[in-house]
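Engineer: Mind looking at a prediction? Sequence and model below.
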Amino acid sequence: MPPKQFDTVWKAEPHTIAKIALLSAYLKAWFSILGTKRQSQEILYVDGFAGPGEYSNHPTGSPMAALDAAQSALISHIARWKAGDVFCAFVDEDPARIKNLQGKLTAFKTHPRVHPSTHAMTFVDGLAAIKAARPRPFTRTDPLFVFIDPFGATGAPFTAVAEILRSPSSEVLINLDADGIARIFRAGDNAKRDILLTEIFGDTSWQTSLSFDAEFGVLCRQVLDLYKRRLRSLPGIGYVFAFEMRGKTDSLNYFLVFASGHPLGLEKMKEAMKSIDQSGAYSFCDANVGQSLLFRYDDPTAFATRLFDCHKAKRASYSELRDYALNETPFSNPKKMLVWLEKNELIEKVETFLGKSRKKGTFPEDTVVAVVFKPGGLHA
């Protein structure tokens with residue numbers, strides 16, 4: 001299946017503008033935190049499918065949003081800035097888009113410690129060129145964030161994603177076109193299915209993980225579920241989260257998938273998600289196979305029952321529950337869910353540090369060691 005075709009500058013749909021806003025919100029936090037903590041380390045941001053830097057109906061594409069976030073963070077924290085300079089590399093294989101982007105960069109008043117570069121080549125070749133020029137973020141602990149936003153289902157092989165995430169301080173945000181991948185799967189040899197899907201997932205696990213007879217929406221979630229498992233199989237990648245971007249007709253556009261080795265990264269990504277208005281032409285939805293639950297940050301009920309189902313009759317440490325909350329729910333910690341479970345008498349015991357006391361209905365991190373869940377359920 002060929003990539004989607006666009007003019008040099010095209011119209012952005014509402015979910016695209018929301019995606020840029022989400023990226024901007026996260027990068028402002030990312031640049032600020034790392035810039036004030038990483039002594040003398042360079043910070044590298046890579047936009048793997050940068051586009052022209054603007055849309056016909058919106059002045060800010062992802063490259064300009066990233067540059068603005070970088071220098072806003074640097075200016076705001078200049079007195080506490082510990083890191084080295086910030087490097088922003090923009091890759092796109094379309095020369096016309098790169099030319100348009102270069103015009104935008106020329107007009108942009110870039111901070112002297114923020115260094116943009118453009119690369120008119122494929123994502124894979126661009127990564128190789130950037131790594132050759134700036135190897136430290138790929139091989140040491142210098143921070144690396146890569147936004148992977150291809151124009152369709154192909155163009156970002158899993159081997160390239162794995163290469164990025166081999167670095168201990170790297171993160172990725174991936175536009176996963178599960179709809180397009182599902183269509184490739186159903187098209188069979190007409191779309192060079194075996195070659196393309198093995199490239200997308202990095203192995204042949206799709207052969208046993210995707211169901212040809214599944215309803216199409218379920219198949220798209222099978223695609224996502226497998227991709228998340230593949231990311232979690234990478235060494236050190238313990239935090240993977242996905243959410244849906246939907247269009248005006250409530251149809252699936254794509255999944256945005258975030259992967260990191262650090263819980264703080266996912267906490268900040270969720271804060272960025274929460275900051276984007278969930279009303280309008282797009283929505284963020286739970287992305288488990290066979291389910292589509294709208295995120296409700298103020299209502300833990302559905303997610304609390306899932307947490308209980310996964311842990312009933314078991315003892316779970318607070319850190320285990322925190323990681324579950326990060327990876328499987330819209331929350332950054334399990335507190336709201338635990339409060340609901342305790343209120344509904346589904347918790348057997350709460351263990352605390354050295355027998356420290358706690359107020360019922362509270363689960364402070366510096367007090368709670370573990371939670372023991374009851375074996376039954378709400379109606380047991």
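Structural biologist: Sure thing, it's come through. Keep in mind that what you see is a predicted model, and the values were worked out from it rather than measured. Numbering: from 1, shown residues only.
Engineer: Distance check, the residue nearest the centre of the chain against Glu267.
Structural biologist: Against the mean C-alpha coordinate of the chain, by C-alpha atoms, centre = their mean, the closest residue is Phe258 at 1.8 Å. Phe258 sits 11 Å away from Glu267, going by C-beta to C-beta, to the nearest Å. All C-beta spots, glycine's among them, are computed from the backbone N, C-alpha and C.
Engineer: Next, count neighbours for Lys19.
Structural biologist: Look at Lys19: counted by other C-beta atoms under 10 Å, it has 24 neighbours.
Engineer: Tell me where the model's unsure across the protein.
Structural biologist: Counting by pLDDT under 70, the chain shows low-confidence ranges at 1-6, 246-253, 277-298, 378-380.
Engineer: From the contact counts, what lies against the biggest helix by length in it?
Structural biologist: Taking DSSP state H as the criterion, the chain has its longest helix at helix 14-35. Here helix 14-35 touches strand 43-47, helix 62-76, strand 144-148, strand 170-176, strand 239-246, strand 252-260, helix 263-275, going by 3 or more C-beta pairs under 8 Å, 6 or more residues apart in numbering; DSSP states H and E.
Engineer: Put together TSV for the ones you listed, with distance to Leu22 on each row.
Structural biologist: Listed next are these as TSV, based on distance: least, C-beta to C-beta, whole Å:
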stretch	distance to Leu22
strand 43-47	14
helix 62-76	10
strand 144-148	11
strand 170-176	9
strand 239-246	9
strand 252-260	7
helix 263-275	5
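Engineer: Confirm Leu338 sits in a helix?
Structural biologist: Yes: under DSSP: H, G, I helix; E, B strand; the rest coil, Leu338 sits within a helix.
Engineer: Just give me the neighbour total for the residue nearest to it when sequence neighbours are not counted.
Structural biologist: With sequence-adjacent residues excluded and distances taken as C-beta to C-beta, 6 or more residues apart in numbering, Leu338 is closest to Phe363, at 4.8 Å. Phe363 has 22 neighbours, counted by other C-beta under 10 Å.
Engineer: can I assume Phe363 is in contact with Val350?
Structural biologist: Yes: the pair Phe363 and Val350 passes the contact test of C-beta atoms under 8 Å, sitting 7.4 Å apart.
Engineer: overlap in contacts of the two?
Structural biologist: Contact with both Phe363 and Val350 is made by residues Val371, according to C-beta atoms under 8 Å, 6 or more residues apart in numbering.
Engineer: who does the residue nearest to the centre of the chain bridge with?
Structural biologist: Under DSSP bridges, the beta-bridge partners of Phe258 are Leu173, Phe241.
Engineer: For the longest helix of the chain, buried residues please.
Structural biologist: Going by neighbour count (16 or more other C-beta atoms under 10 Å), the buried part of helix 14-35 is 15-35.
Engineer: ok now stretch 44-58, how far from the chain's centre?
Structural biologist: 17 Å (C-alpha atoms, centre = their mean, to the nearest Å).
Engineer: start to end distance for that stretch?
Structural biologist: End-to-end span of stretch 44-58 (C-alpha to C-alpha, to the nearest Å): 26 Å.
Engineer: For the stretch 51-200 of the chain, just list every one of the strands.
Structural biologist: Under the criterion DSSP state E, counting those that start in this stretch, the stretch 51-200 of the chain contains strands at 86-91, 114-119, 144-148, 170-176.
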